[in-house]
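> Just a sequence and a predicted model for now, questions to come.
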Amino acid sequence: MRTSRIKRSVAGLMAAGLIFAACGSDDEPASTEAPAEAPAEEPAEEPAEEPAEEPAEEPAEEPAEEPAEEPAEEPAAEALALEGDVEVAAGTTLALGDCPDDWDPLQGVDGDEIRIGQTLPQSGALAAFGAIGEGMKIYFDYINATDPIEGKDLVWVGKDDGYEAGRAVANVEEMLDSDDVFALAHNIGTPINFAIRPITDEACVPQLFNSSGFPFWGDPAEFPWTVGNILNYVTETEIWCADVKANIGEDATVAALIMNNDFGKTYQQTLNNSESCAGLNVVSEQLHDPAGADVTNEMTTLIATGADVFLAGTTSKFCSQSTAVLAGSEWRPTTYMSYTCNNLSSFFAPVEDAVATLSADDAGPIMANSNKICGDPVYADDPKIQEVEAILAEYGDVTCADGSYSTGILYGEFLVDVLRDAAALEGGLNRVNLMAAVWNADTTNDTLLGGTLKLDGVNDAYWTEAAQLQRVAIVDGAIAFVPTGDLVDFEGAGGSFSS
């Protein structure tokens, strides 16, 4: 396991963050003062003999003012090449010579549309995430109506994969062959993105903002066409472990529920191999089938351990199920749950009684959240959340309480930002410019707790790098998140997977 090379310990990263914050720029801006004025020229000495009659003195004629020197025109930035090896960011090169013979950098944007593909679960155990795609489409409709990119319509091309890798592969192949997509974006799930990456990589098609915190997505040196989105699961697990050690003890006992795929096993491997988690006493690990009906049997085994800590490396309906089973038992461990469970309306409103039971014992699940949660009453008066609600209502006739639509708005905003940046580059919107815009991105978003999102090729290959631990609780009769710690921001400290 390469955990220690992917992310340093939380303590180390926090120290690095303090060091970075203390360092200022030594560069002074160029002086903007005008050069000192030349001294006035002395008049020539008058002859001794004066004329009989002195004519009226004419005012000295001022020399014609020389026109201000025009600043030298900066040469226009050259358009990035559309063939050969093109370096688009630090250590990030697109080998266009390896692209298919019929590869077209303008495919999907050469008309009056910008066609974006997405494969996601609209059925099956993780069907609740299907609303994310619908939310993206809603946001696209809003952009098309209010501020289109290059006068083109954003078009969402979504296909259901049921969270099955084989179906996702077929979806992507169809989108590339028949649906004229420019790029894929926010495909949901670690096994899904892992299965389709060889296809998009070989086809030289952008696979953007994978909705998965798998650390492999931060590898532009090897896979420059693919970039991740959400907080790295390794970092998330290390945040949990640091909190356990600080608040429970270095030798706390831990029981873990793990989804049996690459998503869940990233939590498991980090728990067992990261220096940040070393010393914790893992007494039970129960793997569950991603397509299974429920996790009752696995939870029963974990409850029997009586461990100090319960870690839930799972998602979607299993967030609800594990919460309900936990509340129905007498076990009250400190619970840490994957932030992929953080949509309150989707995963906790259906088990509100269980949330209330745990909340009364101050035992609700804790998550490392990176953004304000639409539907959390804490943010009811927040201007950004109100804007999201307004877009959902006008262009989708839905609300944050209806599911994960608001996440689709946030994801749509990420995509629109880099599309606009790419369109502003010399040569306009094409696939090469898009990847240059992505790997050099520097933007902000008011939905985020940290606010800033940056990428810098291999120097900083991870998108979301800030989080705050927050507990699910009942506040004034409503389900809400209550912070249990300060925001930790590792922006720029993540490096890349290969390094």
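Yes, it's here.

> make it CA atoms for all contacts and neighbour counts henceforth
Noted.

> Looks like G408 contacts M136 (just checking).
Yes: here G408 reaches M136: they are 4.3 Å apart, a contact under C-alpha atoms under 8 Å.

> neighbour-wise, which of those two wins?
M136 (27 against 23; other C-alpha atoms under 10 Å).

> which SSE is that one in?
In this assignment (DSSP states H and E), M136 forms part of helix 130-146.

> I'd like to check the angle between the next helix or strand after that helix and helix 130-146, please.
Next helix or strand after helix 130-146 toward the C-terminus (DSSP H and E): strand 153-160. Counting by axes from the mean of the first three to the mean of the last three C-alpha atoms, to 10 degrees, strand 153-160 lies at 170 degrees to helix 130-146.

> Pull up the pairing partners for strand 153-160, direction included.
strand 113-120 (parallel) (DSSP bridges).

> who touches the partner strand?
Strand 113-120 is touched from outside by 108-109, 129-130, 133, 152-163, 168, 171-172, 175, 180-189, with contacts defined as C-alpha atoms under 8 Å, 6 or more residues apart in numbering.

> Contact partners for the spatially most central residue of the chain?
By C-alpha atoms, centre = their mean, the mean C-alpha position of the chain lies nearest to N229, the distance being 3.6 Å. Counting by C-alpha under 8 Å, 6+ apart, N229 makes contact with 186, 208-213, 462-464.

> Not counting sequence-adjacent ones, nearest residue to it?
Closest residue in space to N229, ignoring its immediate chain neighbours: F209 at 4.3 Å, by C-alpha to C-alpha, 6 or more residues apart in numbering.

> and what of T444?
Sequence neighbours aside, T452 is the residue nearest to T444 in space, at 4.5 Å (criterion: C-alpha to C-alpha, 6+ apart).

> Which pLDDT does the model give that neighbour?
At T452, the model reports a pLDDT of 88.

> try A478
Reading off the model, A478 has pLDDT 96.

> Now E83. Nearest residue, chain neighbours left out?
L96 (5.3 Å).

> check contacts around the one you found.
82-86, 204.

> go on, L469?
Here L469 is in contact with 366-369, 483-487 (C-alpha under 8 Å, 6+ apart).

> Distance of it relative to C374?
17 Å (C-alpha to C-alpha, to the nearest Å).

> Please apply the same query to G124.
24 Å.

> of those two, who's got more company?
C374 (27 against 16).

> Can you pull the phi/psi pair for that one?
phi -70, psi 130 (degrees, to the nearest 10).

> Could I get the full set of helices for the protein?
For the chain, applying DSSP state H gives helices covering 3-6, 10-22, 130-146, 165-178, 190-203, 233-247, 262-273, 296-303, 317-327, 344-347, 352-360, 383-396, 405-424, 431-439.

> for those, which one ends up most surrounded?
helix 431-439 (a mean of 26; mean count of other C-alpha atoms under 10 Å).

> what comes into contact with that helix?
If you take C-alpha under 8 Å, 6+ apart as the criterion, helix 431-439 is touched by 80, 82, 88-89, 94, 105-106, 182-183, 205-206, 224-225, 418-419, 421-423, 425, 427, 455-457, 461.

> Only the buried subset of those, as a ChimeraX command please.
Selecting only the buried entries of the contacts of helix 431-439 in ChimeraX, with 16 or more other C-alpha atoms under 10 Å as the criterion:
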select :82,88,89,94,105,106,182,183,205,206,224,225,418,419,421,422,423,425,427,455,456,457,461
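
> Relative to V172, how far out is G166?
G166 is 10 Å from V172, where distance means C-alpha to C-alpha.

> which sections of this protein are below the confidence cut-off?
Applying pLDDT under 70 to the chain flags the ranges 1-76.

> Ignoring the adjacent residues along the chain, who's closest to A89?
G457 (5.1 Å).

> which residues touch that neighbour?
G457 touches 89-92, 220-221, 439-440, counting by C-alpha under 8 Å, 6+ apart.

> Buried ones among those?
Buried among the contacts of G457 (16+ other C-alpha under 10 Å): 89-90, 92, 220-221, 439-440.

> Out of the residues you listed, which two sit at the greatest distance?
The most widely separated members of the buried ones among the contacts of G457 are A221 and N440, with 14.0 Å between them, by C-alpha to C-alpha.

> what about the longest strand along the chain, distance to the chain center?
In terms of residue count, the longest strand belonging to the chain (DSSP state E) is strand 466-475. Centroid separation for strand 466-475 versus its chain: 19 Å, with C-alpha atoms, centre = their mean, to the nearest Å.

> pull the CA atoms of it into CSV?
The C-alpha trace of strand 466-475 is given here as CSV (Å, rounded to 0.1, in the frame of the first residue of the first chain):
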residue,chain,number,x,y,z
ALA,A,466,-10.4,20.9,3.0
ALA,A,467,-12.8,19.3,5.4
GLN,A,468,-14.4,19.8,8.8
LEU,A,469,-15.6,17.0,11.1
GLN,A,470,-19.4,17.4,11.7
ARG,A,471,-21.9,15.3,13.6
VAL,A,472,-25.4,14.4,12.4
ALA,A,473,-27.8,15.6,15.2
ILE,A,474,-31.3,16.9,15.8
VAL,A,475,-31.2,20.7,16.3
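
> residue contacts, T301?
Q286.

> ok, now how distant is it from C374?
34 Å.

> And I303, by the same measure?
32 Å.

> again, but for T119
From T119 across to C374, the span is 24 Å (C-alpha to C-alpha).

> Then T315?
Distance of T315 to C374, computed by C-alpha to C-alpha: 18 Å.

> go on, E238?
26 Å.
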